[in-house]
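Undergrad: what shape does this take:
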Amino acid sequence: MTLRTLTHAAFPVLLALAGAATAQSVVVPNAYANQRAGLLLNSILRDLNAPRTVMQGIPAGELAGIPIGAPIQGLSFRAGHTSGNLPSWPTADMVWSDYEITIGHAIPPATWGTNFAGNFSGTPTRVRDGSLTVRAGTYTNSSPTAPNPNAWGEFYFDLQTPFVYLGGDLAILYSHPGGSLSGSLFFDSLAPNAATGIAMYATTFQAPTATVVSTNFSVVRIHYGYGSGCPGGTGSAPNLVLDGDTVGGGTARFSVANAPAGQPVIYLFGFARANIPLFGACSLLTLPAVSAELALDALGRVELQLSMPPGLTGTMDVQAAVVDLASPTLVTLSNAVEFTAR
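TA: Predicted coordinates:
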């Protein structure tokens, strides 16, 4: 992944800002945000000749940190603590020829049956479909002192369509035919519990029903933003994900995906939210005060890292503008995210 690191000196406007924005992500279960869960599951990113269909059920109480009406823009996981995980995974880029993710509001997890579709309470949204690549070294297993978890893998599954969360229980359905390399990764997971999260799976791609009806629940970080991007030449909008706020200093990562390979992208940093129609279906979601230009990689991704020292606090709203030569407007805009340094 292409990335660029900027220091706080590039963003002096933060010094004048105040705010109490949310973190743009929630960890499910909430209690394991900074603590390892201790069990394992490797189904979500299984390897060569290991197809899987996995469904996670998440009760509403674990999702209280997501504002009603916010679009879910990404999902991320972390490696579990086991000698079965390599220090760095995958060892080379791994490709799934078709990786599908469907998200929808759900019936209460305690009442779930084996039929995957029947666990949705309404019509779900297919948020991604097509080839998926995880770059070499995305996940690390550094065995930090217990109970500290491994670092999050900064990979968000390249969601092509946001899912708007309207409250209530949630279901996430993953399905893939197995990756291109041998050797899978075990995610940090815990025993299923209807109060914190359940999971089930089948050992085929696009399976209609679960054959393992109760399995470990992989700790998941759900990323959200605000507003909507505008579709480009592929028919879908660039996707912007923020990994989270910083507290007492640290690094924030702003990741763009689902965009044209090799094209320029401009990160727009503003003081507050906006909704200003521009052209076509595109709207400016913040009033830019500072910008940073990067280039998308061969997968249409790029990451900007913002380094914040202790003591510098404030809030910024961020949107990405992407050159898209296949779009009639030649430029498309992403959704926006709100970042806070505390």
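Undergrad: please count neighbours and contacts with C-alpha atoms only from this point.
TA: Fine.
Undergrad: was I right about Thr203 contacting Ile44?
TA: No: applying C-alpha atoms under 8 Å as the test, Thr203 and Ile44 come out as separate, 11.1 Å apart.
Undergrad: neighbours around Pro310, how many?
TA: Other residues near Pro310 number 12, with proximity taken as other C-alpha atoms under 10 Å.
Undergrad: so it sits in a helix?
TA: No: counting by DSSP: H, G, I helix; E, B strand; the rest coil, Pro310 falls outside a helix, being coil.
Undergrad: contacting residues for it?
TA: Contact criterion C-alpha atoms under 8 Å, 6 or more residues apart in numbering gives 247-250 as the residues in contact with Pro310.
Undergrad: next step: the residues you listed restricted to strands.
TA: With strands taken from DSSP state E, the overlap with the contacts of Pro310 comprises Gly250.
Undergrad: if we can go back for a sec, common neighbours of Thr203 and Ile44, please.
TA: Residues touching both Thr203 and Ile44 (C-alpha under 8 Å, 6+ apart): 52-53.
Undergrad: compare those two (neighbour count), which wins?
TA: Neighbour count, other C-alpha under 10 Å: between Thr203 and Ile44, Ile44 has more, with 23 against 19.
Undergrad: any idea which element the more buried one lies in?
TA: Using DSSP states H and E, Ile44 sits in no helix or strand.
Undergrad: was I right about it contacting Val54?
TA: Yes: contact between Ile44 and Val54 holds when scored by C-alpha under 8 Å: they sit 6.7 Å apart.
Undergrad: overlap of the contact sets of the two?
TA: By C-alpha under 8 Å, 6+ apart, the residues touching both Ile44 and Val54 are 174-175.
Undergrad: other SSEs contacting the host helix or strand of Asn335?
TA: Here Asn335, judged by DSSP H and E, is contained in strand 331-341. Using 3 or more C-alpha pairs under 8 Å, 6 or more residues apart in numbering; DSSP states H and E as the contact definition, the elements that strand 331-341 packs against are strand 239-242, strand 283-295, strand 314-323.
Undergrad: and the ones you listed as a markdown table, adding mean pLDDT, distance to Thr102 and mean neighbour count?
TA: Listed next are the helices and strands packed on strand 331-341 as a markdown table, based on pLDDT from 0 to 100; distance: least, C-alpha to C-alpha, whole Å; neighbours: other C-alpha atoms under 10 Å:
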| stretch | mean pLDDT | distance to Thr102 | mean neighbour count |
| --- | --- | --- | --- |
| strand 239-242 | 98 | 16 | 30 |
| strand 283-295 | 96 | 26 | 18 |
| strand 314-323 | 96 | 25 | 25 |
